[in-house]
Structure formats: C-alpha cells, structure tokens
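> need a 3D model of the sequence below.
(chains A, B, C and D)
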Protein chains: 2
Amino acid sequence: MAHTLKSVAEAAGVSAAAVSYAFNRPDRISAHARAHILDVAQRLGYAGPDPAARSLKTRRAGSIGVVVPVGMSYVFRDHYFAELLTGVAEIAERRGAGMTLVPFDLDAAERARTHDEDGLRDTLDAIRHALVDGVIVDGLAGDHPAVRVLIDRGLPVVGSTADPAFSSSVAIDDVAGARAIGAHLAALGHRDVVVVLATPGPSGVARDVTDEDALLPYSSHRLAGFREGLGPGARVRVVTGGFNDTGSGRAAAALALSDDPSFADPTALLADSDALAGGIVDELRTRGIVPGRDLSVTGFDDGALATDLDLTTVRQPVRDRGRLMARMLLEPDVDERHVLLPTELVVRGSTGHARATGGR
Amino acid sequence: MAHTLKSVAEAAGVSAAAVSYAFNRPDRISAHARAHILDVAQRLGYAGPDPAARSLKTRRAGSIGVVVPVGMSYVFRDHYFAELLTGVAEIAERRGAGMTLVPFDLDAAERARTHDEDGLRDTLDAIRHALVDGVIVDGLAGDHPAVRVLIDRGLPVVGSTADPAFSSSVAIDDVAGARAIGAHLAALGHRDVVVVLATPGPSGVARDVTDEDALLPYSSHRLAGFREGLGPGARVRVVTGGFNDTGSGRAAAALALSDDPSFADPTALLADSDALAGGIVDELRTRGIVPGRDLSVTGFDDGALATDLDLTTVRQPVRDRGRLMARMLLEPDVDERHVLLPTELVVRGSTGHARATGGR
DNA sequence: GTCGCCGTGTTAATCGAATAACACGGAGGG
DNA sequence: CCCTCCGTGTTATTCGATTAACACGGCGAC
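Numbers count the residues shown, from 1 in each chain, chains lettered A, B, ... in the order given. Prediction:
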C-alpha cells in the first residue's frame, strides 16, 4: 500500500535516484525514462516523495509560520489580523509557499511563565515542532520565550518591533498615530478622556485596568501615544474591552458612561481600533448621545467601518506590513532589515469641541 | 552553531536516546538527568529535536492542511471562509494542532488540466509537498486531481460533499436552502429572476454566464436549488460577480438592471451570499429602488450583514461545518463519516410580492 | 540469601528521501 | 583513430531524530 521511492524504483526497473530526479529535476533525466517512471508511479498510486523525508534532507518546509498572541481562531474575526494575514498570503501564494498558523496561547504562557517551568514548555511545544522555514511574529517582544525558541531553532524571525533580537522587523509607528489623535483632541479642548483597549483572551468583558504591563505591546504603545498627545494636564482613564469587536466596544462604553465615579464625565472616548469605536458609537446612539457633538469618539485602523461611521481615526498600512514581513522571509532581495511604516491621522466627524458635560 | 541530538548528548555525557527522552518523555527518564540535559541544551542554544527529522520518524506533522479553491489571501476577506476557518481553528487549537493553508490556484489548474500535463503537476506541487497530517478540502470535487494527490499520499481528506472519494465529509444542504428561497419567491409571484453568483479568481467583474460548468460546486448546487424552488415556468438568468463581496454585488446589480435586453425587468435578484446581496441593496438604494417593495433581494449565509440589511436569506451553519471537519481529522471518536448539515430559510423584509415592473 | 521486578540508561535499527561523485556509452573534433 | 566531453543512470553517503529491545543495579518479598 504505502510505496516509497525505492519500491517505485524497483517496480520501474531503475534506481531510486532516477525516481527522485523524475519528480524533482526533469532536466537531470531523459524525457523517456521520466515518462515511464511517472507512469509506473501513477499506476502504483505513488503521489511523490514523502514530504517529511524530503523536508529533512532539503532543510526546507515550503511554508512560513505565523505566531500571534491572540489564538488562531481569532485572526479570522479581527480586522487587523485578517488584513495582516491577507498581505502575508499575497506574497506567500506568489512564491508558492504555504502559511502555517502556529497555535500559541499567550495567556497560558503568561500564567506558566514564572510558576511552572514545565507548563511553559508545554505551551511552546507547537512552536518547537512547527514545520516552517521562517516565522512572522506579531505582537510579541523579542525577549519572549516563544521568540527565543524560534531563534534557537535557527529560523529567520520577522517581528513587529525593531528589537534586534528579530532577524528583521516591520514596525508601525502607532505611537505617532496615537499621539496625533491625542494632540487633535487636546486642540479641541479635551482634558478628560477614557481610553478603550482590546485585550483578547479569556480576560473577558470591559473592566477597569489595573496592570498596564499585561497589555499587548501595541496597546501600551498607543496608550503612551495618547498620553503624549493629550499633554501632561489631561486626565486619562483606561478600560479594557475583551475581544477587539463591536460587542466589547459597547460594553466598554457602557462602563465608561456608568455611574461609576471613576469614570464620571469624560469628554472623549479613544478606542484601540475601529471595531471597538464602532461598538462605542452604537452604545452612544442608543442613549441618544451624538458622537462628535456631545462626545468625541476615535478609532484606529481606518477600515471600512471608519468610513461608514464617519470616524476620526488613524490610518495604518496593515496589509503592507504583512506583505513586507512575508517578503523579508521569502524574497531575500529585500535589504532593509528594520522598517518603520508611517501612520496618518484621518479627521472625520466623530470628534468635535469638548463640552463641559459629556454624555449621560 | 547547529546542534543536534547527538552533539547535545555528547556535551551532556549521555546517550542520544536520553536527550530525546528528556525532551519528549519526562516519565522515561529520571528527573535529575532530565534537568541536567535540559540545562546543557539551553546553554548550547539547542531548542529541541529537529522538527523535520522528528516528523519523518514519528509520521506526524502536528498541523492540518486546508485547501480552498479561491487563493489563500482571499479567505480572510470572505465571510464564508473566515467563518469556516474559525471553526477549524477552534478545534485545532484545543488539540494543539497547527493549521496550514496550502497554496492552490484553481484557475491555473483548470487552464493546465488538459493542455499541459507538466503545468498541472506544477500547480499541485504545494499539495504534494505539504507537511500535514490530514487535509480539509472545501469546494473541490472528489475526483479533482488535487484531491487525488492527497488521497494517494495516504492522507485523510475531509471534503465538502458526500463523495465517497473523501475519507469523510461535511456537506451543507444548500440545494434545499436554495430551493426554499426559490419556493418562497415563487409563492410571492416571482417568475422572472436574476441569480448572482460569485466566481473568485481573475475572472473579474460581473458578466453574463455562458459556461455553468465553470462554477464552484456550491454555486452550481444553489443555482439548481433556485431553479427547483421557482418551478419550471420561471425565467432564470445568471450573472457572475467576481469576488464574493459587496463591490461585486453592486456591479452585478448594475448589469442586471442595465438596458441590456437579456436582463430586462427581473422582479427578484437572488445572490449567492449576503455579501453580494449587500452590494445589490446598495446599488438599488442609489437608484431609489426599495428592496422588498419594488424588487426582491435574497442573500445566503445569514451573517451579521443579513440582520443589518433586513435580508431574506438562508442560514447555514458554516462554523459548525468547520468544527466538524476539523474534528473528523483530529478527534477519531467522531464516528459519522458523511454528514449533511441542514439549512434554514430566514424570511425578512427584503422580499415581497412581485410587481409587474421591477426596477429601472 | 536468592529471585525477580522496577526504574533508568544505552544500543542499534529505522523512517524516506536528495544529491555529490562516479561510471559509461556515444558523438564530435582533431 | 583516439581523446574528450556531454548526457544520463547508479552508488553511497547523509539528513536528525524515535523507540523497541536490552542491560544492569538495587530493592522488596519470600
């Protein structure tokens, strides 16, 4: 049943090398012999050399890995990751390479990190075993254990920050983008805002933030940028919103506008993403609050949603990022090793002058 | 630099087997020896046994493959595939398995199919080389060359139709769903309709359909269902809409409502997906045509868009399908081999009684 | 005191292929 | 007519691990 190079070679009356050449190097064998071998192979139901053995010998896997800190099933729902991976896929498919999503549970890894050495090992098993030629890592610092494993494996690793631990990186200047949002709002007189950040994982719905270290790298960057742009006098409170989607945004808005005294009367709600901002807008509307007039709302991404909702946001070239990350792995002619992509403030109707009293 | 099991074993003063056990079978070695070996390994920068070699020996890859007939970069944009893969990913991540998108260009394969034998071989290379333990194939018939290669490789293949060539399958009864749509419209008096189908690939924008064989399997199923439900007296014309998104829907609607005599005055527009229907609704609105009153529009999927647009559509359990497909590969306790999932007609406001004169 | 078993380390066979180096026959040049 | 080179098939080495089978020392049971 299970044929091998050798058994096919016997059946065809040639050496194993000839069969290998027939499948992999047409130029290295006569057309006549090749046709015969391929014919015998087909008759026997031999589809070609075993990929695992081939991969061991050639040291190539034909696929690039992707590691994200949010769970594999999440990337298809999140606009940011979907866009990033679209860019990666565009390059991969034109090079004939596959894309392997490597399971990695950031929460489990964090929990196990100090506690339980073997637990941490387990969460990294898939990363240790992944059959890939290089890896794209988005949202993990260069000194993260998962990254260390990949580097020890000798794989080229493209990161999302300029950390020299990565073989190369494509960062996006989201600090600058967030700063622009902050400055824009400051200029409109806002001095009391709530920032809404997504924290995927089991952390659940909106809540007040205690530990800012637990944020995803880009969230903390943006938070810092917001603060810089708003200036020292501003009051910035933070809510985390669970998944990066409209539902979380709605919940976060509800919390920010609740009676909870720690959130009393902000004049602006700054979201980590358009999706969250979309939820915020929904919640405001159900309360009869008009975004841009009664209360300002900002997003991040400039996706289709931002246009639809007339959202002030930051445009970031996410698909370009994915493309470039993939090219750094698959097209060695890319010579820059660490690239910083720019962002752009897009002002629309969801922001306006601060009012003495916000929503309610 | 590049350490191996053996070199680490020498450095630690033990046998290669001991190192292997230290990494893979803690119970098979003393805790003391294990700690020492792991320590030496870490010091040497050895991340663990080489995945390729390990995969050759164990005959496991730790990842399941996914083959779709639409190009890898498309799956992140299309609601159907995103939903399907979300389901797959949910199961994969709970089993610690990866997900490998295998590049496959249906158009190139079709073009090469008869013409050029070596060309066809090339388009199947990635499928021949993919390092996976099983494959989920959506939208390809059981006798397609790509499927044949996978089966010859001895891989378990889960298909999207009940074809016995597949080791197992999860079909969705979209014929019945489409039939329900057709019957619903027939009951409302519609006898002259245009069906809008997505045909991803370079085929481009909307055009009239000449060759119904070139449709994706599910599209032709649905088309057949529409026809059945509408009954023999109805006039059914077909337009293909390129990508499965709102832009294509808009273009298709524009064509269907144009002066082109072959499309004159339909009373209903039946789309292959909610996304297409969304575009159709957009186009109608810009022309001042009210869906459900002047002209009926139907979708397919029952995603968020359908609710938003108050679209009559068919609910299909796509994520369940993905989950079940993955479980058939990853969880051998699933005993049914060929499953047919039901669909459900969801009537909303976008359909109504046929009028003598449709749009314009 | 002896037998056997258990825990733990080692030996050796094996997974299935790629490819450098070699062999050999015939064509072409001198 | 001989030498060389080219095209094409073969031989043999190598990729880096897993794991069944074996070996051996110490311990408890009788």
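
> buried set for the helix or strand containing residue A:18?
Using DSSP states H and E, residue A:18 sits in helix A:16-24. Neighbour-count burial for helix A:16-24, counted by 16 or more other CB atoms under 10 Å in any protein chain shown, picks out A:18, A:19, A:20, A:21, A:22, A:23. Where C-beta positions appear, they are placed from N, C-alpha and C, glycine not excepted.

> and whichever helix or strand comes after it, what's buried?
Next helix or strand after helix A:16-24 toward the C-terminus (DSSP H and E): helix A:31-44. By neighbour count with 16+ other CB under 10 Å, helix A:31-44 contains the buried residues A:34, A:36, A:37, A:38, A:40, A:41.

> make a markdown table from those residues and add distance to residue B:111 and pLDDT to it.
Listed next are the buried residues of helix A:31-44 as a markdown table, based on distance: CB to CB, whole Å; pLDDT from 0 to 100:
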| residue | distance to residue B:111 | pLDDT |
| --- | --- | --- |
| A:34 | 23 | 96 |
| A:36 | 27 | 96 |
| A:37 | 26 | 97 |
| A:38 | 21 | 96 |
| A:40 | 27 | 96 |
| A:41 | 24 | 96 |
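
> of those, which are in range of DNA strand D?
For DNA strand D, no contacts are drawn from these by CB under 7 Å from any atom of the strand.

> and the strands in chain A?
A:63-67, A:98-101, A:135-137, A:157-159, A:168-172, A:192-197, A:207-208, A:235-240, A:268-271, A:296-298, A:313-315, A:338-341, A:344-346 (DSSP state E).

> so what touches the fifth one?
This points to strand A:168-172. A:156, A:158-163, A:316-318, A:321, A:324-325, A:328, A:336-343 (CB atoms under 8 Å, 6 or more residues apart in numbering or on different chains).

> circling back: next one: the helix holding residue A:18 to chain centre, how far?
41 Å (CA atoms, centre = their mean, to the nearest Å).

> and that helix with helix A:31-44, angle?
90 degrees (axes from the mean of the first three to the mean of the last three CA atoms, to 10 degrees).

> restricting to C-alpha, output helix A:16-24 in PDB.
Output in PDB follows, covering the C-alpha atoms of helix A:16-24 (Å, rounded to 0.1, in the frame of the first residue of the first chain):
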ATOM      1  CA  ALA A  16      15.900   5.300  -6.500                       C
ATOM      2  CA  ALA A  17      17.800   8.300  -7.700                       C
ATOM      3  CA  ALA A  18      16.200   8.100 -11.100                       C
ATOM      4  CA  VAL A  19      12.800   8.300  -9.500                       C
ATOM      5  CA  SER A  20      13.800  11.200  -7.400                       C
ATOM      6  CA  TYR A  21      15.000  13.000 -10.500                       C
ATOM      7  CA  ALA A  22      11.900  12.200 -12.300                       C
ATOM      8  CA  PHE A  23       9.800  14.000  -9.700                       C
ATOM      9  CA  ASN A  24      12.200  16.900  -8.800                       C
END
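
> quickly check: that helix near DNA strand C or not.
Yes - against DNA strand C, helix A:16-24 shows contacts by CB under 7 Å from any atom of the strand at A:16, A:17, A:20, A:21, A:23, A:24.

> poorly predicted segments of chain A, please.
Chain A contains residues with pLDDT under 70 at A:1, A:200-213, A:262-263, A:356-360.

> is chain B within reach of whichever helix in chain A runs longest?
Longest helix in chain A by number of residues, with DSSP state H as the criterion: helix A:79-94. Yes - interface with chain B: helix A:79-94 contributes A:82, A:83, A:85, A:86, A:87, A:89, A:90, A:92, A:93 (CB under 8 Å from any CB of the partner chain).

> so the fourth one touches residue A:326, yeah?
In this case it means residue A:86. No - look at residue A:86 against residue A:326 with CB atoms under 8 Å: they stay out of range, at 10.6 Å.

> which ones are touching the closest residue to DNA strand D within the stretch 251-360 of chain A?
Residue nearest to DNA strand D within the stretch 251-360 of chain A (CB to the nearest atom of the strand): residue A:329, separated by 20.3 Å. The contact partners of residue A:329, by CB under 8 Å, 6+ apart, come to A:64, A:133, A:134, A:135, A:136, A:156, A:158.

> ok, these vs residue A:350, which is closest?
residue A:136 (32.7 Å; CB to CB).
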